[in-house]
Every structure is written in C-alpha cells, then in structure tokens.
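Peer 1: build me a model:
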Amino acid sequence: MWLLFSATFLIPADWTVFKSNEGQFSILTPGDIIQDVRTIETDIGTIDYFSYYHAENLEKEDKTIFSVSYCEYPLHSVHSDSTDMLLEFFATTVSQSIPEGGKLIYKSPEQIEGFPGRLWRTSYGDNKIVKSKAFLVNNRFYLIQVFSNNKRANRRDGDKFLDSFRLLGKVD
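Peer 2: From the prediction side, this is the model:
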C-alpha cells in the first residue's frame, strides 16, 4: 500500500512522515526517530545542534542510519544569500564530513525552495558509504545523511529519505 506525502511523492505504507515544528522540516522515515541535542562551542559562539535519526540492523553487517540534523548560526555569521561565503561554507562542510582515510566520490549543487545546498557521497573504511545533502536556509543549516555499507549503498530507501526532506511553513 502507498500513501501520498505531497502532490508528487508516494510513500510505502510502512514509512511515516516525521515533522519537527521547531526545526521547520518534515522527512519520510522507515521507522521510529530518536532525537538528540548537543551544545557545541564554536569560534562564532555556542550553538545547539539538533539531531534526529533512525537506525536499522545495528548488530548486522548491513546496518543503515538515516539522519537529519540542524542548527542555527548567529545572525550575520553566515547567510544563504552571500555567494562568496556560500562557496567557502559548502566546501568546508563537504571536506569536514569526509572521515579520516575517506574519499569524496562526487558532489554537486543542490537547492530547496531556492535556498542553496550540496549533495555529495563519500566512502571510507571497510565498504562504508555516506550520502549527504546540506542546505543553508537563511542562517539555519540542515544536514541530511544516510550511512550504510556498500551492500545497501544503492538502496532506494536512502534516496527516498534524502529526497523527502521538506521545509515547513513560510521561510523568512
């Protein structure tokens, strides 16, 4: 059985829509979401980093983790309409996401509702893959990721998760 998620997106009945009103986003998930918040000290101040994830088969070889995170940067520290700042911001985001000994497979520009982003895939360790999308919506940063091994890296579920990310409400 399939359910309608939006005007153009059908989902399997065993998936659910997760909404974060505080984070102003929704995403499809294949199971229950665990929430976590960490406070991080940075050069630009203290930032609360909110994470939501679903883990499958953690005790098995074909484990997969579906994750979406966000944080708010202080006003004027980074903004989605500064072209020069964005190039550096996303280059740093991608390079810092590559684990030690890992390799960038590809990266490309991405957008959501006109806001800039990036899509990239990295490999590391023993057949591990991370596919990521990141967006900067004004001063809010979103990071959507699927961690898996090569056996599951091409799963349609990973793309379904990544592609289902939506902003909620009006973005100022």
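
Peer 1: residues in contact with the host helix or strand of residue 160: which ones?
Peer 2: Residue 160 is part of helix 156-163, with elements assigned from DSSP states H and E. Helix 156-163 has contacts (Cβ atoms under 8 Å, 6 or more residues apart in numbering) with 9, 11, 15, 27-30, 64, 66, 119, 131, 133, 144, 146, 148, 152. C-betas here are computed from N, CA, C, even on glycine.

Peer 1: how about it: buried residues?
Peer 2: 157, 158, 160, 161, 162 (16 or more other Cβ atoms under 10 Å).

Peer 1: any chance of TSV for these, columns pLDDT and distance to residue 114?
Peer 2: Formatted as TSV, those follow (pLDDT from 0 to 100; distance: Cβ to Cβ, whole Å):
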residue	pLDDT	distance to residue 114
157	84	28
158	88	25
160	90	23
161	93	22
162	94	19
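
Peer 1: the helix or strand that contains residue 49 pairs with which strands?
Peer 2: Under the criterion of DSSP H and E, residue 49 resides in strand 45-56. Neighbouring strands of strand 45-56 in its sheet, by DSSP bridges, are strand 34-42 (antiparallel), strand 64-72 (antiparallel).

Peer 1: looking at the ones you listed, which one is packed in the most?
Peer 2: strand 64-72 (a mean of 20; mean count of other Cβ atoms under 10 Å).

Peer 1: number of residues surrounding residue 23?
Peer 2: Applying other Cβ atoms under 10 Å, we find 20 residues neighbouring residue 23.

Peer 1: for it, helix, strand, or coil?
Peer 2: On the three-state scheme (DSSP: H, G, I helix; E, B strand; the rest coil), residue 23 is labelled coil.

Peer 1: returning to what we had before: okay, the strands paired with strand 45-56 in a markdown table with distance to residue 127 and mean pLDDT next?
Peer 2: Shown next, in a markdown table, are the strands paired with strand 45-56 (distance: least, Cβ to Cβ, whole Å; pLDDT from 0 to 100):
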| stretch | distance to residue 127 | mean pLDDT |
| --- | --- | --- |
| strand 34-42 | 25 | 90 |
| strand 64-72 | 13 | 93 |
